[in-house]
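Chemist: quick one, fold the following:
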Amino acid sequence: MSALSWIVAIGGWFVALLQFFFSYRERKVQHAEDYLERTLKYLISGPHQRAVGLSLIESVWLPKKERLDVIVPVLVSQFNHIMLEADESALAQEERNVVRLMLLLRRCLPFSRDQRHETAELQECILRKANHHGGVPITIQTLRLWYEGVGGDPTYFDAESGA
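Modeler: Prediction:
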């Protein structure tokens, strides 16, 4: 075989390896995007599915520290919904979900793209819940602890909630 044949053969293998590498990366990214979408769909599909979605975030996304900038706003929205508008027929499951959500949010907030906004939204929701009787029943003491846990001033909470 001549040198030119070797160069062409090596070049062909190099191009094939590049194609394999790029298609592998593309499939991996697409798989991650699909998995994220499926995870987020669990959160909006009802109380039991929400519990599954929270488990997926806790076990898959949080340890990797991936896509939390997308996940945190959805978690905040879910927290607001459960706190203020949870379905009466599923309160037992939603009580557990809201506790898990708060614990998860406290771990995920540092990875949020807009942490100040997300924290302010959580604080506002907790303050509203202190004077709102819909949604999941949460004691005023728990609300105060959560408010303080997301950076709120407990004195302000006491003044606003009448505690």
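Chemist: mind listing the helices for this protein?
Modeler: Counting by DSSP state H, the chain has helices at residues 3-43, 47-56, 62-64, 68-85, 91-108, 115-130, 140-149, 154-161.
Chemist: which other helices and strands contact the worst-scoring helix or strand of the chain on mean pLDDT?
Modeler: The weakest-scoring helix or strand in the chain, judged by mean pLDDT, DSSP states H and E, is helix 3-43 (a mean of 79). Helix 3-43 makes packing contacts with helix 47-56, helix 68-85 when contacts are defined by 3 or more Cβ pairs under 8 Å, 6 or more residues apart in numbering; DSSP states H and E. (C-beta placed from N, C-alpha, C; glycine too.)
Chemist: any buried residues in the longest one, and which?
Modeler: Buried residues in helix 68-85, defined by neighbour count with 16 or more other Cβ atoms under 10 Å: 68, 71-72, 75-76, 78-83.
Chemist: low-confidence ranges, the protein, go.
Modeler: By pLDDT under 70, the low-scoring segments of the chain are 1, 163.
Chemist: dead centre of it: give me the residue that sits there.
Modeler: I71 (3.2 Å; Cα atoms, centre = their mean).
Chemist: show me what contacts it?
Modeler: Going by Cβ atoms under 8 Å, 6 or more residues apart in numbering, I71 touches 36, 39-40, 57, 61, 108.
Chemist: let's see that with 10 Å instead.
Modeler: 36, 39-40, 43, 53, 56-57, 61-62, 104-105, 108, 111-112 (Cβ atoms under 10 Å, 6 or more residues apart in numbering).
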